[in-house]
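[1] build the 3D model from these lines:
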Amino acid sequence: MSFAFDSELAVAVPMLPDLDFSKDLAGARAQTRELVAQAFGSADTTGVTVRDSSISGYDGGPDVLVRMYMPDAIESEAVLLDIHAGGFVMGDIETNHAANIELARTFGVVIVSVDYRLAPENPYPAALEDCYAALVWTAEQAAQWGCDPSRVVIQGHSAGGGLCAALALLARDRSGPHIAFQFLGVPVVDDRLETASMAAFTETPLWNRPSAEASWDCYLGAGVRGTASVSPYAAPARAEDFGRLPPAYISVMEFDPLRDEGIAYAQSLLAAGVAVELHLFPGTFHGSNLIGHAEISRRQDDEARTVLAKVLK
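    Residues are numbered from 1 along each chain as shown. As a prediction, this is how the structure comes out:
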């Protein structure tokens, strides 16, 4: 099937890897690490101190590894909690390392990145509970960094965006730390896989319907996705109450199976009175911003910076 990809993106599509983790998870994880390294290169830590810490898990859970990015000059009272992508099964604390250093340096903001447990070895709710532990720890430590514990901003893309959406629900319902803003890039929020875009995009690069099916089966367990037993903390689109959630920015890509669930999630938030900014980037596909030289990818990055600059100032 052919797609009307942006011309700069289309040229690069044949060079992208086939991340079929349903057949070779270890290989897909290695390919993901290589893809990230190629896209973002080595990190220059000038002006930023990077430190790893092991923190206590939530409610007696296992310890969680977090990585702190402390700029030499802290210019924001906010704190950014970063949750990496990877379909719940790939990625690690290195995934956003270079990007987090640049953000910390650019905005003078303290960033905490969480190395949550991956499925299928650790299915739901392991990843979410690790993220919640990191949120609690970040809010508890914020004052020591000269930051405001009520100004925690959460950021994630793909599965990381889905975990951010779930984290916002969980923090609200547990009366946990206040989340000031949620940045949801191409979020994974609905296990039912019933949208038009999910039905249509079965052969798109990097992520497609078979990828989504395998991802949810790893995260929830075989035979669980689409059933009535799935918690809204696993699939936030299933929530019945979207009120009292943090304001949000949501991005979606035109040829991404996740496109329509992201749009629907924005509409659910809006209907509940939550302030939302929604942006669909034309000619794009899931993860196409890894092709960083493309003008449309630069537009995505510029907009993300604009959004973050406003909420982190």
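[2] give me the contacts around the helix or strand bottoming out on mean pLDDT in the chain.
    Ranked by mean pLDDT, DSSP states H and E, the weakest helix or strand in the chain is helix 25-40, scoring a mean of 87. The contact list for helix 25-40 (CB atoms under 8 Å, 6 or more residues apart in numbering) reads 16-17, 19-21, 86, 89-92, 94-95, 97-99, 120, 290, 292. Bear in mind the C-beta positions are built from the backbone N, C-alpha and C, glycine included.
[3] could you pull out the strands for the stretch 201-313 of the chain?
    For the stretch 201-313 of the chain, applying DSSP state E, counting those that start in this stretch gives strands covering 248-255, 276-285.
[4] do you know which of these lies nearest residue 150?
    strand 248-255 (17.2 Å; CB to CB).
[5] quick check: mean pLDDT across that closest one?
    Taken as a whole, strand 248-255 carries a mean pLDDT of 98.
[6] that one packs against which elements?
    On a contact count with 3 or more CB pairs under 8 Å, 6 or more residues apart in numbering; DSSP states H and E, strand 248-255 meets strand 179-185, helix 259-271, strand 276-285, helix 295-312.
[7] would TSV of the ones you listed with mean neighbour count, distance to residue 198 and mean pLDDT be doable?
    Below are the helices and strands packed on strand 248-255 laid out as TSV (neighbours: other CB atoms under 10 Å; distance: least, CB to CB, whole Å; pLDDT from 0 to 100):
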stretch	mean neighbour count	distance to residue 198	mean pLDDT
strand 179-185	23	17	98
helix 259-271	20	7	98
strand 276-285	18	14	98
helix 295-312	16	22	97
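[8] now residue 209. Nearest residue, chain neighbours left out?
    Distances taken as CB to CB, 6 or more residues apart in numbering put residue 202 closest to residue 209, at 4.6 Å, once the chain neighbours are dropped.
[9] what about the closest residue in space to residue 183 that isn't next to it in sequence, which SS state?
    Nearest residue to residue 183, sequence neighbours excluded (CB to CB, 6+ apart): residue 155, at 4.1 Å. Of the three states, residue 155 takes strand under DSSP: H, G, I helix; E, B strand; the rest coil.
[10] neighbours of residue 155, how many?
    28 (other CB atoms under 10 Å).
[11] wait, it sits on residue 80?
    Yes - Residue 155 lies in contact with residue 80 (CB atoms under 8 Å); the separation is 6.0 Å.
[12] anything in contact with each of the two?
    With CB under 8 Å, 6+ apart as the test, residue 155 and residue 80 both reach residue 308.
[13] got a list of what residue 7 touches?
    Contacts of residue 7 (CB under 8 Å, 6+ apart): residue 283.
[14] so for it, what's the pLDDT?
    98.
[15] OK, contacts around the closest residue to residue 57 other than its chain neighbours?
    Among residues not flanking residue 57 along the chain, residue 133 sits closest, at 5.1 Å (CB to CB, 6+ apart). Counting by CB under 8 Å, 6+ apart, residue 133 touches 55-58, 61, 64.
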